[in-house]
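Engineer: sequence plus the predicted model coming up.
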Amino acid sequence: MSVRRVRYLVFLKDILILSVTSFGGPQAFLAMLLERMVKSRAYISEEELWELNALCNMLPGPSSTQLVSAIGFRVGGPNLAYLALLVWILPATLIMTSAALLIDFLQENTPGALNFARFIQPMAIGFIIFAAQKTISKMVKSTEAMILMLISAFVAFFYSSPYIFPIMLVLGGLSTSIKYKSQPKSEEDKTFSVKWANFYLWGGVLILAAVAGAITKWQPLLLFENFYRNGSLIFGGGQVLVPYLYTEFVDFKHFLSSEEFLTGYAISQGVPGPTFAISSYIGALSMREFGTFGFFMGGLVAAAGIFLPGIFLIFFVIRFWDQLKLYRPVRAALEGVNAVSCGMLIAAAYLLFEPLEANGINILFILATYVLLQFSKISSPIIILGGVVLGILANYFLA
């Protein structure tokens, strides 16, 4: 076996280890990448890691997954990158699909089965509030961005159609791109060249899935298009994905109940790997009428739909990013896109709280979850496990 092949296998093993041990959100994940990919293995330099991380955060899609694939691309080209993608997403995808199967089984066979989740549902809102606070502190830096964030939150409150989100993102980017003169000047590359293959692939799959789904009305195709479209529009990570999915699959299409959605979101906070894996849970429940096969098909179709567009886009942009980032309008537009994403996070916290009963217990668990995340070092899985245990005890003693 060649040295190169051994190196690739070791790289994939490292990705697998990360996929089953990366608890604690993006910050913990980046620390693990720095330790394993840079310091231990020297696949890339630390400077390259931070540059790739910044690039992935500027693109729509799952940033942690894009980062893993971008590193794979630098190490061994597109084939290794796609293998790394598969190894990275498969454990979380299978866990969340199995969770959907279990939740549905309990609801069908045990009345009141979701009582064990009575506390983790409000806790899920605490996670979203914490994520919103962290995201806003990083992304909203000006008065204009703050106003744009509030406007987008207001619109998302009252217009719950999933089609309003991409319009707001485009308008947000355009509204701040006109301020490009405030960006520091840099020497723009006059020999700018673009290889369009992956962009055409991204757009072609989007159009083909939409047309084929509209013609055939086949549920897996429709699901793939739904998740592919969402994966093409999400800026800001997994927490920003929540309002999109809640609006489309709970409010708009009624594939899940609010209770099921909140339970799945809370479970996803205790699962290692990519946070976008909640899509597999939603996809699985969206195809529950087709039995066990439908659950796993729905979970895998949703995973393919949500992860592929971000990968096509990172492969497209990574080849000319060093040239593109020199253009001031591009950098200026990101301020508006990020502000709109933050507004959607604020709306998500409200939309998810609305179906819950507004009682003292729910409010207490929302606040307690936020306080634990903000001021303690207790990990997310332990917090979720504590909520499950309390729910089981309450169900046993208070039933």
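Structural biologist: All right, it came through fine.

Engineer: all the helices of the stretch 1-150 of the chain, residue numbers only.
Structural biologist: Assigned by DSSP state H, counting those that start in this stretch, the stretch 1-150 of the chain shows helices spanning 3-21, 25-33, 46-58, 63-109, 120-139, 143-158.

Engineer: what angle separates the first one from helix 63-109?
Structural biologist: So the one you mean is helix 3-21. If you take axes from the mean of the first three to the mean of the last three C-alpha atoms, to 10 degrees, helix 3-21 sits at 50 degrees to helix 63-109.

Engineer: quick one: helix 3-21 to chain centroid distance?
Structural biologist: 23 Å (C-alpha atoms, centre = their mean, to the nearest Å).

Engineer: same deal with the longest one?
Structural biologist: Centre-to-centre, helix 63-109 and its host chain are 12 Å apart (C-alpha atoms, centre = their mean).

Engineer: same deal with the fifth one?
Structural biologist: In terms of C-alpha atoms, centre = their mean, the centre of helix 120-139 is found 13 Å from the chain centre.

Engineer: helices or strands next to it in the packing?
Structural biologist: Applying 3 or more C-beta pairs under 8 Å, 6 or more residues apart in numbering; DSSP states H and E, one finds that helix 120-139 contacts helix 238-245, helix 258-268, helix 328-353, helix 360-375, helix 380-398. Glycine gets a C-beta too; all of them are placed from N, C-alpha and C.

Engineer: pLDDT on it, on average?
Structural biologist: On average, the pLDDT along helix 120-139 is 75.

Engineer: what residues sit buried inside it?
Structural biologist: For helix 120-139, the neighbour count (16 or more other C-beta atoms under 10 Å) marks 120-132, 134-136, 139 as buried.

Engineer: could you look over the helices and strands packed on helix 120-139 and pick the most buried one?
Structural biologist: Comparing these by mean neighbour count (mean count of other C-beta atoms under 10 Å), helix 238-245 ranks first with a mean of 25.

Engineer: returning to that earlier point: and the helices and strands packed on helix 120-139 as TSV, adding distance to Gly76 and mean pLDDT?
Structural biologist: Formatted as TSV, the helices and strands packed on helix 120-139 follow (distance: least, C-beta to C-beta, whole Å; pLDDT from 0 to 100):
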stretch	distance to Gly76	mean pLDDT
helix 238-245	27	73
helix 258-268	30	83
helix 328-353	29	74
helix 360-375	37	87
helix 380-398	32	76
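
Engineer: quick one: closest of those to Lys195.
Structural biologist: Ranking those by their distance to Lys195 (criterion: C-beta to C-beta) puts helix 328-353 first, at 17.7 Å.
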